[in-house]
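[1] Please find the sequence and the predicted model below.
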Amino acid sequence: MKYDISFDFDKNEVETTRGGNIMLITGKTALVNRIRKSMHTAANRYKVYFDSGYGNKFEECLVGKALPSALLLSEIERAVKECIGNIEGVTDINNFSAERDGSAVIIEFKAETIYGSEDIKEAV
C-alpha cells in the first residue's frame, strides 16, 4: 500500500489541507486508517467496493439476531478476521474482545502489521 486518503473518524469526513486538497497518508498511519475504514464499511453495499472483498459483514451476524453471548462473540470475531484479514499489510489479529454497549458493539483487538502491533478499538 503506497498511500491512502486520510479520514477523520470523529467528524466522519475526508480530511483536507488548508487549501482544500485531499490529504494523503502513508505507512502505518495509512494502514490503521484502512483497517478502521473497513470496520465501518459494509461489504458489497457500495459500488466502489462491490465484489472486492473490502468491508465488513457485521449486519449478517448482528442485525436481528438473538444469539447467546458466546456465539455472538464468535461470529463477530469471524467477521472481523474476514474484514481485516484481506487488508494488505495485516499479518495477524489477536487479543480479540467484543461487548454490547446499548445498540453498539465495542470491538477491540490487536492488529499485527508489517509496521508492528496496533491496538484497535471501534464501536460498530
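    Received the coordinates, thanks.
[2] List the contacts of stretch 37-45.
    With contact meaning C-beta atoms under 8 Å, 6 or more residues apart in numbering, stretch 37-45 is reached by 7, 9, 49-51, 53-59, 80, 83-84, 86-87, 107, 120, 122, 124. Heads up, the C-betas are built off the backbone N, CA and C, glycines and all.
[3] Sort out which residues of it are buried, please.
    37-39, 41, 43 (16 or more other C-beta atoms under 10 Å).
[4] Nearest to Val14 among those residues?
    Nearest to Val14 out of these is Lys37 (C-beta to C-beta; 10.5 Å).
[5] Strand partners (parallel or antiparallel) of the longest strand along the chain?
    Longest strand in the chain by number of residues (criterion: DSSP state E): strand 90-101. Partners of strand 90-101 in the sheet, by DSSP bridges, are strand 104-113 (antiparallel).
[6] what's the spacing between the partner strand and its chain's center?
    Mean-position distance between strand 104-113 and its chain equals 8 Å (C-alpha atoms, centre = their mean, to the nearest Å).
[7] Please work out the average pLDDT along it.
    Strand 104-113 carries an average pLDDT of 91.
[8] For the closest residue to Tyr115 other than its chain neighbours, give its distance to Glu77.
    Nearest residue to Tyr115, sequence neighbours excluded (C-beta to C-beta, 6 or more residues apart in numbering): Lys28, at 3.8 Å. In this view, Lys28 and Glu77 are 24 Å apart by C-beta to C-beta, to the nearest Å.
[9] So for these two, which sits in the more crowded spot?
    The residue with more neighbours, out of Lys28 and Glu77, is Glu77; 17 against 14, by other C-beta atoms under 10 Å.
[10] Right, I'll call it a day here.
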